[in-house]
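[1] Okay, predicted coordinates and the sequence, questions at the end:
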Amino acid sequence: MRGFAAGVLARYEQVTRGELEASAAAQADRQACLQLGAVFLGEDAGYETVGAWNTGGGLPALLRGVRRYPLDGTADDRQLVARLFALFAQAQ
């Protein structure tokens, strides 16, 4: 999570300094959200899962039940979890 947040913030700073186009930063942020989503869904072999929470649909089921955030409950698991991280990035 620290690396994800640091990357989002670094790209934001690069955009504000004119070193990176906003569209390129947005694309990199989307990719980072998908990559982190894959980790939390147990799809990245480089990270240990927490049983059914990751691989059994526990996290997506929880997110579909949360109405506090604007999440599309009909999205596939990967898009749903990626959207959660996008909301986190926007809040930074």
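    That came through, no problem. Keep in mind the model is a prediction, meaning the values are calculated, not measured.

[2] Gly37: neighbour count?
    The tally of other residues near Gly37 (other C-beta atoms under 10 Å) stands at 23. For glycine as for every other residue, the C-beta is placed from the backbone atoms N, C-alpha and C.

[3] Show the contacting residues for it.
    Residues in contact with Gly37, defined by C-beta atoms under 8 Å, 6 or more residues apart in numbering, are 78-79, 81-82, 84-85.

[4] ranges for the helices of this structure?
    Taking DSSP state H, the helices of the chain run over residues 2-16, 22-40, 52-55, 58-65, 77-91.

[5] ok, of those helices, where does mean pLDDT dip lowest?
    For those, mean pLDDT drops lowest on helix 52-55, to a mean of 75.

[6] Pull out the buried positions in it.
    Of the residues in helix 52-55, those buried by neighbour count under the rule 16 or more other C-beta atoms under 10 Å are Asn54.

[7] hmm, who's touching it?
    Counting by C-beta under 8 Å, 6+ apart, the neighbours of helix 52-55 from elsewhere in the structure are 40-42, 49, 58-59.

[8] Test my guess that Cys83 contacts Asp72.
    Careful, residue 83 is Arg; it's not Cys. Yes - in terms of C-beta atoms under 8 Å, Arg83 counts as a neighbour of Asp72; the distance is 6.9 Å.

[9] Give me the more crowded residue out of those two.
    Between Arg83 and Asp72, counting by other C-beta under 10 Å, Arg83 is the more crowded of the two (18 against 11).

[10] Not counting sequence-adjacent ones, nearest residue to the more buried one?
    With C-beta to C-beta, 6 or more residues apart in numbering as the measure, Leu71 is the residue that lies nearest to Arg83, at 5.6 Å, once sequence neighbours are left out.

[11] ok, back up a step: please indicate which of the contacts of Gly37 has the highest neighbour count?
    Each of those was scored for neighbours by other C-beta under 10 Å, and Val81 scores highest at 25 neighbours.

[12] any idea how far the residue lying closest to that one once chain neighbours are set aside lies from Val15?
    With C-beta to C-beta, 6+ apart as the criterion, Val81 has its nearest non-adjacent residue at 3.8 Å, and that residue is Gly37. When C-beta to C-beta, to the nearest Å is the yardstick, Gly37 and Val15 sit 23 Å from each other.
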